[in-house]
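Asks: everything below, folded, please.
(one chain, ligands or ions: 2)
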Amino acid sequence: MIELGVNIDHIATVRQARRTYEPDPVWGAVEAHLGGADGITVHLREDRRHIQDADVRRLKETTQIKLNLEMAATDEMVGIACATRPEMAMLVPEGRHEVTTEGGLDIVGQEARLKDVIARLRDAGITTSVFIDAEIPQIEAAARIGASVCEIHTGPYAHAFYEKGRDAEAPAVLAELQKIRVAGRAIRQLGMRFNAGHALNYYNIQPVARLAGIRELHIGHAIVSRAVFTGLREAVREMKALMVAAAANPEAE
Ligand SMILES: CC(=O)[C@@H](O)[C@H](O)COP(=O)(O)O
Ligand SMILES: NCC(=O)COP(=O)(O)O
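Replies: Ligands and ions are numbered 1, 2, ... in the order given. I've put the predicted structure just below:
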């Protein structure tokens, strides 16, 4: 069964706009769970622009579904992850001036250091994931450093989909989807779990959810945006229904 991890960063973004106590991401996690989420994702950024350290601790204590902590591969973040022990930690690249994550992690260029980070997380009992572009050298490097999961960056696919008038059959969209498909095959052949995420929404989700062997999709901005108008539980329910319907007719292997 395909799983949905709901990224609740932007509940904290609204809270931090006033540096106050509401809306509370922990309430968001409960609502997402009740809407059918299989997991909760938060990105504890080095600049703490949205999610705060205390949020991660409170989520770990209260959330009854899996917690996925997105983090830069720094000593500070590894320390927080090992102390908090989320079910999964995903290494992501971070730029101080980016609005959101702009690309996948370059594992090839820093294998020895990332291998050590992955080992420290694994020794703490945390499932290790890496956020990477749909490129075979990065997938092979992920396997070499001992990652258990690869989350393929779906941003290029999502941007092509939007730019081509939300036409899922446009050649540029099909080309980006094909890169994710090929990446997924390589990830599975190397014995890792095939996840995907970034900029997925209610319109572009189904071709990705149909890919052979896809296990988990992480979606935040689109769900929290819709939740402003429908409530989070309903926004999660609608996304999960689209995913499950698509995954019921998966692509052939
Ligand atoms: C790794 C990824 O694709 C996103 O989840 C991103 O890291 C979320 O961070 P923001 O919520 O700050 O955009
Ligand atoms: N890792 C991707 C994620 O958690 C959600 O990304 P987005 O849907 O907020 O772009």
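
Asks: what comes up buried for stretch 66-82?
Replies: Across stretch 66-82, burial judged by 16 or more other C-beta atoms under 10 Å covers 66, 67, 68, 69, 70, 71, 72, 73, 77, 78, 80, 81. For every residue, glycine as well, the C-beta is placed using N, CA and C.

Asks: so which residues make contact with it?
Replies: The contact list for stretch 66-82, computed with C-beta atoms under 8 Å, 6 or more residues apart in numbering, reads 5, 7, 38-46, 53, 56, 59-60, 84, 86-94, 105, 110, 113-114, 117, 120-121, 124, 126, 129, 131, 218.

Asks: and that stretch, how far from the chain's centre?
Replies: Put simply, stretch 66-82 sits 14 Å off its chain's centre (C-alpha atoms, centre = their mean, to the nearest Å).

Asks: could you dump it to CSV, C-alpha only?
Replies: Once non-C-alpha atoms are left out, stretch 66-82 reads as follows in CSV (Å, rounded to 0.1, in the frame of the first residue of the first chain):
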residue,chain,number,x,y,z
LYS,A,66,6.1,7.6,11.8
LEU,A,67,8.1,10.8,12.1
ASN,A,68,10.5,11.7,9.3
LEU,A,69,13.1,14.4,10.2
GLU,A,70,14.5,16.2,7.2
MET,A,71,17.9,17.7,8.2
ALA,A,72,21.2,19.0,6.9
ALA,A,73,24.1,16.6,7.4
THR,A,74,25.7,18.6,10.2
ASP,A,75,27.0,17.5,13.6
GLU,A,76,24.3,19.7,15.3
MET,A,77,21.5,18.0,13.4
VAL,A,78,22.9,14.5,13.9
GLY,A,79,23.0,15.2,17.6
ILE,A,80,19.4,16.3,17.6
ALA,A,81,18.3,13.3,15.6
CYS,A,82,20.2,10.8,17.8
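
Asks: what helix or strand is residue 240 on?
Replies: With secondary structure defined by DSSP states H and E, residue 240 is part of helix 232-247.

Asks: so which elements touch that helix?
Replies: strand 3-7, helix 25-35, helix 205-209, helix 221-230 (3 or more C-beta pairs under 8 Å, 6 or more residues apart in numbering; DSSP states H and E).
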